[in-house]
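Enquirer: Here you go, sequence then predicted model.
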Amino acid sequence: MLDKDQLRLTSSEIGSLWGEFVNGTMTDVINQYMFSIIEDEQIKAVFAEALNIFKGQKEQISSFLKNEGFPVPIGFTETDLFEGKQRLFSDIFCLNYLHIMTLHGLLGHSTSLAVSVRKDLRFLYDSFDNDAKKMYHQTTELLLEKGSFQRDPLFYPAENPEYISNKDFIDGFFGNGRTLAATEIISISFNLKKSIMAKTLSIAFSQVAQSKEVKEFLTDSEKTSDKQIKTFTKIMQADNLPAPKSWETEVTTSTDSPFSDKLMLYHIGFLFQAAQNYHGAGLASSMRTDLITAYEGTILKNLRVTKKWFDLMVKNKWLEQPPLAPNRNEIAHQK
């Protein structure tokens, strides 16, 4: 019997390591820049810890890939960071950014753990998940302390549990449509915060992008995010519920780019691709017709954005190819 600790890593396990490395290096470059401009010592200390955590994770991921004979991805490096540039973000935006990206990390590590079988890799992602949980607690506590954590709307309790007794429960357009359910607020609020982050970064990146094509794409992605924000904000406000505030004013007027166009374009694409998972979850949990329609429209628009993103990344030779399954037809014709 094969020793379970000597099992070869599967395609899914290699894919998870590859994705963790590329997306991790992307965030790490942003974090390095933010660490260099942050003035608040409490926020700076949290970023210092985040940088130190990923340094260890990067080495571990690289070791796993090398041991399996796979090349370590290029990802993003110091060449994508231009030091000594003007401040582009406020300290509080940097903290919000770290908080949101930590949420992405938590979900990403959980997915990687779920596709892992070999014990050492499972333990690796377990440790990554624990690191992300610790960072989530730290960023949440600090945002609360600074008075900048955006809590979701509060509901008031009913006297007793109830069953749905009216078909109007699914009606969000006409007649006696009911108000939003707490289970629906989860995804609406979550997606709004992600769209607000995407819009804010699109604005900031479009100010400093050097390529005209990249700048135009970022401007379009900002408009797409803005439309999505307005769609779900309108649904919230119809029930007199507050929507999360925007962060545009936390971006300075600097036009001095601290990042490569490659990194900025990849980052926005990453956010739009990740959003598809969250919108899909929102669609699955929605029981009102207007919400279902809103999610379906949002998913379709995001697909159009990611198609433009893919074409632009490939055109510039900026999109790194993940490991592929062997092409048996090509192998057979090599003889």
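Expert: Yep, that arrived.
Enquirer: show me what contacts Met264?
Expert: The contact partners of Met264, by CB atoms under 8 Å, 6 or more residues apart in numbering, come to 201, 205, 208-209, 214, 218, 257. Quick note: C-beta positions are derived from backbone N, CA and C, even for glycine.
Enquirer: any idea how far it lies from Lys215?
Expert: Going from Met264 to Lys215 by CB to CB, to the nearest Å gives 10 Å.
Enquirer: what residues do the two have in common as contacts?
Expert: Common contact partners of Met264 and Lys215 (CB under 8 Å, 6+ apart): Ala209.
Enquirer: re the thing from before, which among the contacts of Met264 gets closest to His279?
Expert: Comparing the contacts of Met264 against His279 with CB to CB picks out Leu201 as the nearest, at 18.0 Å.
Enquirer: is it true that the closest one touches Gly269?
Expert: No - contact criterion CB atoms under 8 Å: Leu201 and Gly269 do not qualify, at 11.4 Å.
Enquirer: When those two are compared, which one has more neighbours?
Expert: Leu201 (25 against 21; other CB atoms under 10 Å).
Enquirer: Now do the one helix or strand the more buried one maps to, average pLDDT.
Expert: Under the criterion of DSSP states H and E, Leu201 resides in helix 182-208. Helix 182-208 comes out with an average pLDDT of 94.
Enquirer: buried ones in that helix?
Expert: The neighbour-count check on helix 182-208 (16 or more other CB atoms under 10 Å) flags 184-185, 187-208 as buried.
Enquirer: tilt between whichever helix or strand comes after that helix and helix 182-208?
Expert: Next helix or strand after helix 182-208 toward the C-terminus (DSSP H and E): helix 212-238. Orientation of helix 212-238 against helix 182-208 (axes from the mean of the first three to the mean of the last three CA atoms, to 10 degrees) gives an angle of 150 degrees.
Enquirer: now the helix or strand following helix 212-238, how far from the chain's geometric center?
Expert: Sequence order places helix 261-285 as the next helix or strand after helix 212-238, per DSSP H and E. Its chain's average C-alpha position is 6 Å from that of helix 261-285, according to CA atoms, centre = their mean, to the nearest Å.
Enquirer: ditto for stretch 239-257
Expert: 17 Å.
Enquirer: Quick check: mean pLDDT of it?
Expert: Stretch 239-257 comes out at a mean pLDDT of 93.
Enquirer: buried ones in it?
Expert: 241, 243-244, 246-247, 250-252, 257.
Enquirer: And for stretch 68-84?
Expert: Those would be 73, 75-76, 80-81, for stretch 68-84 by 16+ other CB under 10 Å.
Enquirer: And stretch 134-143, by the same measure?
Expert: 135-136, 138-139, 142-143.
Enquirer: how about Trp161, secondary structure?
Expert: Check again: residue 161 is Pro, not Trp. Assigned with DSSP: H, G, I helix; E, B strand; the rest coil, Pro161 falls in the coil class.
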